[in-house]
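> What follows is a predicted structure for the sequence shown.
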Amino acid sequence: MLSTERDSARPELIRPTGRPSPTAAQSDHGGSVISARPDQKFGSNPVDIRDTGHYTQEYIPSFVEKWDSLIDWEKRAESEGRFFIDLLRKRGVKKVLDVATGTGFHSVRLLEAGFDTVSADGSAEMLAQAFANGMNKGDHVLRVVRADWRWLNRDVHGEYDAIVCLGNSFTHLFSERDRRKALAEFYAMLKHDGILVLDQRNYDAILDRGYSSKHTYYYCGEDVAVAPDYVDEGLCRMRYDFPDGSVYHLNMFPLRKDYTRRLMSDVGFQHIETYGDFQHTYRDEEPDFFIHVAEKEYRLEADDDREATYAGAVRAARSYYNSSDADTFYATVWGGEDIHIGLYDHPAEPIAQASRRTVERMAAKLGPARDSVVLDLGSGFGGSARYLAETHGCRVLALNLSEVENERHRELNAARGLTDRIEVVDGSFEAIPYPDASVDVVWSQDAFLHSGHRARVLEEAARVLRPGGHLIFTDPMQADGCPSAVLQPILDRIHLDDMGSPAFYARELARLGFTPADGTGGDGVAGGFEEHREHLVTHYSRVLQETERQEANGLAEQVSSEYLAQMKKGLARWVDGGRNQHLTWGIFHYVRGMGPVGPSA
């Protein structure tokens, strides 16, 4: 149906909010007075206009003609990266309906990526501009349809793998009845396993804390200022100032994030995942925009139960590692095989070589027998699993929460002929999907920190281990006695309330009946923990160096600039934390006792 701030992409300049706009605002440029809205019709009191159908009087030809100066297609494409393309491809999408085409930015990108795309919009002026843009930017003939979302099935025919409603367009619907009707129409036009991708401005932040913007993702044109003129719970009136002195407005309903998610659920969408500014992890106050991905496919109870296991910090980690940015970064910078901290012979050693040495050191401690069953928790790309299968003949159960990593893991196993030795399973280590006393070894590398319930993870590990079985793992931790406040920037980055520590793990493992593998006994740290704090510092320093080197040699074309900026900032904090002895890392090796285990054992 509608295009509101459709594909507008330039830095936003902050203006005061909370004041009604005059009917004919004026601007003084070089002594000449220019009419703010030559043709837009808002009546005597613009803030009273809260009607779904009014948008047709807001997208006047003179405004549409300036729309692409809001976008800056090249900069918008750079900031957005391959987010939507990868998201759709990962779900096997082929046929897409773009219901808020605007001037065609996403329709053209979808066509360029090979998707069968139909372009719909409620504005004839926008569709005309979109068609022209398609021809001018690659001779793409857009199949355009003028349509109202509330009667979408009347205007557009067929079923689609995905419907995309982007550019903060859904915000033009002012009544809940219209919003529900439109979502129901979207739902009806999707195939049984289709998805809806819908974005919206972060109105929660505007309503609760006032307007601000990072000027990063959606707005890339440099000469247009955008900010609210007036905001209340029922209206956000946005003002657009162009360099020629012309000013336009759009009246929009300020959708709150959770309200939008609830509406999607109410009309039948089964699972809804929300991202912030193309990132899979975010804090609610940070993003300028939210992106909701809603699945139509009905989930069986077992699937719902599995989904429920991804909660809190684990869910955040799953979303992060499923992202295209993270997958590409770890596959290229970290080496694509062992994505964990390494043991370094010298500070300039290649990351992959040092990371493999950690695997070798841990395996040497175990000396696993051939055909022993190893459960690898947080198996990543599967480097450790393949080493254990190839070198020691183990049978490995690789449990990991990222479906994207697991797919890469399976492909690498198949290429090495190890599919019959390694079972890759989607799941959470907070609810391990294996029976009691079923494995000989529980193995993990730098994964437990992603849990908000580490004691539960250890309980699950104890449950599935056979009596006398071995638990061996590494984990980045806060040092014993470290004031937690100094680690807050790191905790915020990985969405955690706290981290484990050597004393925490020693205490919990003793409670569960584990003893240090070297036979020292007791619940002290030293007996079962081989500390390597210095290698944490070296490793994150090397990853930072390699990130900067590859960024200068083309990595920035594969991974978003925002991701790389945040990654470099986070890596520097890990290095500082290790140097200041606030963080540590090392290898834990314990043996499960012969008695019963569990939370009350």
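Yep, it's here. Numbering: from 1, shown residues only.
> where in this structure is pLDDT low?
For the chain, the stretches flagged by pLDDT under 70 are 1-38, 71, 211-222, 278-286, 298-316, 484, 519-526, 595-601.
> May I ask you to name the longest strand in it?
strand 190-201 (DSSP state E).
> distance between that strand and the chain's centre?
16 Å (C-alpha atoms, centre = their mean, to the nearest Å).
> Show me what that strand pairs with in its sheet, parallel or antiparallel.
strand 160-165 (parallel), strand 289-295 (antiparallel) (DSSP bridges).
> Give me the contact list for the shortest one.
Around strand 160-165, the neighbours that count as contacts under C-beta atoms under 8 Å, 6 or more residues apart in numbering are 84, 88, 91-100, 106, 110, 118, 186, 189-191, 193-199. All C-beta spots, glycine's among them, are computed from the backbone N, C-alpha and C.
> filter those residues to the buried ones?
84, 88, 91, 93, 96-100, 106, 110, 118, 186, 189-190, 194-199 (16 or more other C-beta atoms under 10 Å).
> For the stretch 101-250 of the chain, just list every one of the helices.
105-112, 124-136, 152-155, 176-189, 203-209 (DSSP state H, counting those that start in this stretch).
> which of these sits most buried?
Among the helices of the stretch 101-250 of the chain, helix 105-112 has the highest mean neighbour count (mean count of other C-beta atoms under 10 Å), at a mean of 24.
> Which elements pack onto it?
Contacts defined by 3 or more C-beta pairs under 8 Å, 6 or more residues apart in numbering; DSSP states H and E place helix 105-112 against helix 73-80, helix 83-90, strand 95-98, strand 116-121, helix 124-136.
> how about a cut-off of 6 Å?
Helix 105-112 makes packing contacts with strand 95-98, strand 116-121 when contacts are defined by 3 or more C-beta pairs under 6 Å, 6 or more residues apart in numbering; DSSP states H and E.
> how much does that helix deviate in direction from strand 190-201?
Angular relation of helix 105-112 and strand 190-201 on a 0 to 180 degree scale: 140 degrees, by axes from the mean of the first three to the mean of the last three C-alpha atoms, to 10 degrees.
> Kindly export stretch 377-395 (C-alpha atoms) in CSV.
The C-alpha coordinates for stretch 377-395 follow below in CSV (Å, rounded to 0.1, in the frame of the first residue of the first chain):
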residue,chain,number,x,y,z
LEU,A,377,28.9,-28.0,23.1
GLY,A,378,29.0,-24.9,21.0
SER,A,379,30.8,-26.6,18.1
GLY,A,380,30.9,-23.6,15.8
PHE,A,381,32.3,-24.5,12.4
GLY,A,382,33.4,-28.0,13.7
GLY,A,383,37.1,-27.7,13.7
SER,A,384,37.5,-29.6,17.0
ALA,A,385,34.9,-32.2,16.0
ARG,A,386,36.8,-33.0,12.7
TYR,A,387,40.1,-33.1,14.6
LEU,A,388,38.8,-35.6,17.1
ALA,A,389,37.1,-37.7,14.5
GLU,A,390,40.1,-37.8,12.1
THR,A,391,43.0,-38.0,14.6
HIS,A,392,41.5,-40.1,17.4
GLY,A,393,38.6,-41.9,15.7
CYS,A,394,36.0,-40.4,18.0
ARG,A,395,32.3,-40.3,17.3
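> Tell me the buried residues in it?
Result for stretch 377-395 [16+ other C-beta under 10 Å]: buried residues 377-389, 392, 394-395.
> now do stretch 431-448
Buried, per 16+ other C-beta under 10 Å, within stretch 431-448: 431-432, 434, 439-448.
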